[in-house]
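Novice: let me see the structure of the following:
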Amino acid sequence: MPKANTLTRLASALTYPLRLDDFLAVIDPRHSSRQLRAVVTKVTPAAPGVATLTLRPGRGWLPHKAGQWMRVGVDVGGVRQWRPFTISSPEGEAPSITVGAAGDVSTKLVNDTRPGDVVFIDQPEGDFLLPAPLTTPLLLVAGGTGATPMYALISTLLARLPDADVVLLQASRTPQDAIFAAEFAALASRHEGLKVIHWHSRESGRLKLAASIDTLVPDWRDRAAYVCGPTSLIADAEAFWSDARLPLTVERFTIPRIVDPDAVGGTVTFARSGQTLDAPGASSLLEVGERAGIELPSGCRMGICRTCLKTLKDGQVRDLVTGSLNGEPGEHIRTCVSAAAGDVTLDA
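Specialist: Sure thing, here's the model as predicted:
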């Protein structure tokens with residue numbers, strides 16, 4: 001048996017009934033062999049209702065790539081809740097997340113989190129990454145908090161290729177709402193190849209790419225295009241680049257749900273915990289479980305990463321993205337985009 005394991009077992013015997021982890025956590029609150037944790041080292045206002053939280057992860061954290069996201073867990077009303085957030089810091093730096101107060105978890109992070117607080121985290125994920133090597137000019141279109149991955153991408157890229165040809169088209173309601181505007185301006189002042197274009201909807205109306213792109217970015221057809229932001233901006237961009245028959249790389253924060261006003265929910269029984277809960281037809285099974293304090297796996301919360309898969313033991317579910325009914329006993333369903341269509345039993 002390895003020497004380290006022998007020492008760990010001896011220490012555990014001496015500290016019984018407490019775990020060795022319990023004592024190590026007193027010395028370093030990030031320490032846990034069961035769940036990654038991070039200490040918040042800085043909270044910086046980024047825009048009205050938006051803050052950047054800089055984190056210092058505990059041992060076991062894998063360095064992120066620019067454009068990736070991570071799950072962050074906090075306790076809200078005594079219930080552990082997890083949400084995915086884009087990592088806004090460049091590669092090689094401590095991870096940070098830039099969060100807008102728009103939900104229980106986000107609001108708690110923005111309004112109630114202070115340096116020294118500990119949050120739960122998971123490893124970085126996601127493939128909203130720049131190509132390597134970079135062989136074409138770039139056009140990055142960002143709306144709202146969609147600027148967060150763009151800052152990580154641009155700052156990382158320019159550190160490696162100082163003369164990279166990049167256009168950032170950033171849409172926000174007002175100049176004050178433009179996240180990282182000062183940071184982008186500072187980068188542009190040092191790198192001639194970076195051009196930042198701002199669009200403020202309160203002054204100019206909603207950004208409509210078909211009507212504006214030729215004026216704002218005349219050579220857009222020659223650039224590799226990336227977009228991140230609100231659902232409406234992404235839908236507009238996807239339709240526009242599809243009509244042009246050109247590729248587009250997209251990062252979504254949410255996906256539109258099909259909510260049938262006549263949809264009838266039911267109950268969901270979590271077989272392992274023995275709890276049976278009311279499940280409205282417009283709420284995902286993941287949301288229903290989380291509200292009751294049942295810890296369920298999740299990742300992107302958009303039905304893409306498949307982290308939330310659970311086995312359906314009985315009943316049918318409605319897909320909140322497509323509206324279709326499906327479900328056979330033994331089928332793996334995505335709890336983040338599945339709602340009860342009648343009474344449902346999950347192996348969870």
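
Novice: what about stretch 135-147, average pLDDT?
Specialist: Here stretch 135-147 scores 96 as its mean pLDDT.

Novice: gap between the two ends of it?
Specialist: In terms of CA to CA, to the nearest Å, the two terminal residues of stretch 135-147 are separated by 23 Å.

Novice: buried sites along it?
Specialist: Of the residues in stretch 135-147, those with enough neighbours to count as buried (16 or more other CB atoms under 10 Å) are 138-147. Backbone N, C-alpha and C define where each C-beta goes, glycine included.

Novice: list the ones among those that fall in strands.
Specialist: Applying DSSP state E to those, the entries found in strands are 138-143.

Novice: including distance to residue 125, could these go into CSV?
Specialist: As requested, these are exported to CSV (distance: CB to CB, whole Å):
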residue, distance to residue 125
138, 23
139, 25
140, 20
141, 23
142, 20
143, 22
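
Novice: got TSV for the buried residues of stretch 135-147, with distance to residue 227 too?
Specialist: Formatted as TSV, the entries for those read as follows, by distance: CB to CB, whole Å:
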residue	distance to residue 227
138	12
139	9
140	8
141	4
142	8
143	8
144	12
145	13
146	7
147	12
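
Novice: which among the residues you listed gets closest to residue 348?
Specialist: Proximity of the buried residues of stretch 135-147 to residue 348 (CB to CB) peaks at residue 145, which lies at 30.8 Å.

Novice: quick check: closest non-adjacent residue to that closest one.
Specialist: The spatial neighbour of residue 145 that comes closest, neighbours along the chain excluded (CB to CB, 6 or more residues apart in numbering), is residue 100 at 5.0 Å.

Novice: and residue 284, by the same measure?
Specialist: Among residues not flanking residue 284 along the chain, residue 336 sits closest, at 5.4 Å (CB to CB, 6+ apart).

Novice: remind me which residues of the stretch 201-348 of the chain are low pLDDT?
Specialist: Within the stretch 201-348 of the chain, no stretch falls below the threshold (pLDDT under 70).

Novice: quick one, helices of it?
Specialist: Taking DSSP state H, counting those that start in this stretch as the test, the helices found in the stretch 201-348 of the chain are 201-204, 209-216, 231-243, 285-291.

Novice: comparing these, which comes out most buried?
Specialist: Comparing those by mean neighbour count (mean count of other CB atoms under 10 Å), helix 285-291 comes out on top with a mean of 22.

Novice: just the C-alphas of that one, formatted as PDB.
Specialist: The C-alpha atoms that make up helix 285-291 are tabulated as PDB, following Å, rounded to 0.1, in the frame of the first residue of the first chain:
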ATOM      1  CA  LEU A 285     -38.000  18.200 -13.600                       C
ATOM      2  CA  LEU A 286     -34.500  19.500 -12.600                       C
ATOM      3  CA  GLU A 287     -36.100  22.800 -11.400                       C
ATOM      4  CA  VAL A 288     -38.800  20.900  -9.400                       C
ATOM      5  CA  GLY A 289     -36.200  18.800  -7.700                       C
ATOM      6  CA  GLU A 290     -33.900  21.600  -6.900                       C
ATOM      7  CA  ARG A 291     -36.600  23.700  -5.300                       C
END
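
Novice: which helices and strands does it pack with?
Specialist: Judged by 3 or more CB pairs under 8 Å, 6 or more residues apart in numbering; DSSP states H and E, helix 285-291 is in contact with strand 79-86, strand 266-270, strand 275-279, strand 338-340.

Novice: tell me the one among the ones in strands among the buried residues of stretch 135-147 nearest to residue 238.
Specialist: The shortest distance between residue 238 and any of those, using CB to CB, involves residue 141 and amounts to 11.2 Å.

Novice: do you know how far the closest one is from residue 159?
Specialist: As judged by CB to CB, to the nearest Å, residue 141 and residue 159 stand 22 Å apart.

Novice: cool, and residue 81?
Specialist: In this view, residue 81 and residue 159 are 35 Å apart by CB to CB.

Novice: so between these two, which is more surrounded?
Specialist: Neighbours per residue, other CB atoms under 10 Å: of residue 81 and residue 159, the larger number sits with residue 81, 21 against 15.

Novice: ok, that one - contacts?
Specialist: Taking CB atoms under 8 Å, 6 or more residues apart in numbering as the definition of contact, the neighbours of residue 81 are 73-75, 104-105, 290.

Novice: go with 10 Å
Specialist: Residues touching residue 81, when contacts are defined by CB atoms under 10 Å, 6 or more residues apart in numbering, comprise 72-75, 103-105, 108, 120, 287, 290-291, 293, 295, 298.

Novice: go on, residue 107?
Specialist: By CB under 10 Å, 6+ apart, the contact set of residue 107 is 49, 76, 99-101.
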